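**Student:** Could you look at this predicted model? Sequence included:
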Amino acid sequence: MQSLFLDKAFFILYGVVLTVAYLIALPFLFVLSKYKEKYTVSIPARFFLKDNRPLDPNGIWFHSCSFGEARAIYPLLDNLPNDDLRLSSTTQTGYEAIVQKQPEQSRYLPFEPLLSFWLKPQKVLVVMEAEFWYLLFALAQKRGAKTLLINARMSDRSYPKYKKMAWLYRQIFRYIDEVYAQSEIDKERLESLGAKNVHVIGNIKLANISTSTKKLSKPKALLVCAASTHEGEEELILEAFAELKKERSDARLVVVPRHPERFEKVRQMVKAFAKEHRYTAHNYSENEAFNADIVVADILGELVNIYAISDIVILGGAFAKVGGHNAAEAAQFGCKIISGEHYFNQRDIFSMIEGIAIVTESNLARRLQQYAQLKPTKIIQRTDIKPILDSIMKEI
């Protein structure tokens, strides 16, 4: 009885606190939605419910955040009845990925206080990785859904932060029926925060890796791909490439920024760098040929196609302290892969790939010059998504 009282009290208190925070933030959110291009659709949809009607009830609801997470659930979606699918995301790129699979039943996830009247009863709620929204799980379960957290992880860097808020995560895990973790370490850490029914199945991003959608023409040159780069990484890679060019004059570089809102900044950066070094350069959106010293891949959805013709991949997100990105898409083609040291969010995937070279910022140029000594990468382990599908199918 006392436990039920405390549970109800926390539910009410949490909702009140978030509602107050929401009301205070409204003016700032309104300004952001007007003047920040990446938020012009997502903020009105998430915080003002503009053109964001509730998902139809009694479906299988998948929630993911980023573009990569949304793409990772494709194999699961492909094995379930399309009419039952309900999809949501919190980012623009994530939304663009889910709407390709279910255009009629894809939504931006509203901010938590709005879920109480937006969320309809569903058969199952499946949430990707670290989307720990208390009211999302609590309301979904209270309204009849079986709740699953999949591809769950707890990195070395983030775990101490989670432990400081353990009281909150214990409340969240009360409303999560099953957890599918990436590794045994993740399982132990999740259980210490209150997770129950935790199963280790590996990283589902290795279950069905995205393959090339078209065949690009490979130049007769050493092609280096700077993949999913973040702020500060392009400058580092460009300088390393300039050192490589001194030994391999035919070398070419493709720069693929992670976020589309940075495309213009990277275009201008590469333009200035090329002018300084007397290199040729162009944008992929204007010319799909790789006949310049540097090409900026300024459109989404082409990275896997570029991997297929690349000799060397410098994987972004791990020189900046972002946590790294999925190396499997490049490894499937046997590319030689160089990564920075900060791959803490991809620990499990990296452990399943043989041959990745981990380097410091100061050693990147030298390691790139020694490209002949790099080993072609190879995926040595896959993941089975059948346990997740079996759990979902029990509710249909």
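**Tutor:** Now that the structure is in, tell me what you want to look at. The structure presented is a predicted model; accordingly, all values stated were derived computationally and were not measured.

**Student:** contacts and neighbour counts: CA atoms only from here.
**Tutor:** Fine.

**Student:** so how far is residue 7 from the residue nearest to the spatial centre of the chain?
**Tutor:** The centre of the chain sits closest to residue 68, judged by C-alpha atoms, centre = their mean, with a distance of 3.6 Å. Distance of residue 68 to residue 7, computed by C-alpha to C-alpha, to the nearest Å: 34 Å.

**Student:** Would you map the strands across the stretch 51-200 of the chain?
**Tutor:** Using DSSP state E, counting those that start in this stretch, the strands found in the stretch 51-200 of the chain span residues 60-63, 85-89, 106-108, 124-128, 146-152, 178-181, 198-200.

**Student:** neighbouring contacts of the fifth one?
**Tutor:** By C-alpha atoms under 8 Å, 6 or more residues apart in numbering, the list of residues contacting strand 146-152 from outside reads 123-130, 137, 140-141, 175-182, 186, 202-204, 388, 395.

**Student:** Let's see it as CSV, backbone CA atoms only.
**Tutor:** Extracted in CSV, the C-alpha atoms of strand 146-152 (Å, rounded to 0.1, in the frame of the first residue of the first chain):
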residue,chain,number,x,y,z
LYS,A,146,3.8,-4.1,-22.8
THR,A,147,6.9,-2.0,-22.5
LEU,A,148,10.3,-2.9,-24.0
LEU,A,149,13.6,-1.1,-23.9
ILE,A,150,15.9,-2.4,-26.7
ASN,A,151,19.5,-2.0,-27.7
ALA,A,152,20.0,-0.7,-24.1
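
**Student:** i'd like the first residue to be 48 from this point on
**Tutor:** Noted, 48 is the first residue going forward, which turns the last one into strand 193-199.

**Student:** Quick check: can you name the pairing partners of it and their directions?
**Tutor:** Each strand paired with strand 193-199, and its direction, by DSSP bridges: strand 171-175 (parallel), strand 225-228 (parallel).

**Student:** Likewise for the last one?
**Tutor:** For strand 245-247, sheet partners with direction are given as strand 225-228 (parallel), following DSSP bridges.

**Student:** Would you mind naming the residues that bridge with residue 272?
**Tutor:** Residue 272 forms beta bridges with residue 301, residue 360, as assigned by DSSP bridges.

**Student:** How many neighbouring residues does it have?
**Tutor:** Neighbour count for residue 272, taken as other C-alpha atoms under 10 Å: 28.

**Student:** now the helices for the stretch 148-297 of the chain?
**Tutor:** Using DSSP state H, counting those that start in this stretch, the helices found in the stretch 148-297 of the chain span residues 162-165, 181-189, 206-211, 213-220, 231-239, 280-294.

**Student:** Just give me how far the fifth one sits from the chain centre.
**Tutor:** On the basis of C-alpha atoms, centre = their mean, to the nearest Å, helix 231-239 sits 21 Å off its chain's mean C-alpha point.

**Student:** I'd like to know how far the nearest residue to residue 185 once chain neighbours are set aside sits from residue 54.
**Tutor:** Take residue 185 and drop its neighbours on the chain: the residue closest to it by C-alpha to C-alpha, 6 or more residues apart in numbering is residue 222, 5.4 Å away. For residue 222, the distance to residue 54 (C-alpha to C-alpha) stands at 11 Å.

**Student:** Which residue of the two possesses the greater neighbour count?
**Tutor:** More crowded of residue 222 and residue 54, by other C-alpha under 10 Å: residue 222, with 22 against 14.

**Student:** My guess is the more buried one contacts residue 182. True?
**Tutor:** No. Residue 222 lies out of contact with residue 182 (C-alpha atoms under 8 Å); the separation is 9.3 Å.

**Student:** Let me see the mean pLDDT of the top helix by length along the chain.
**Tutor:** Ordering each helix of the chain by length in residues (DSSP state H) puts helix 49-82 first. Averaging pLDDT along helix 49-82 gives 85.
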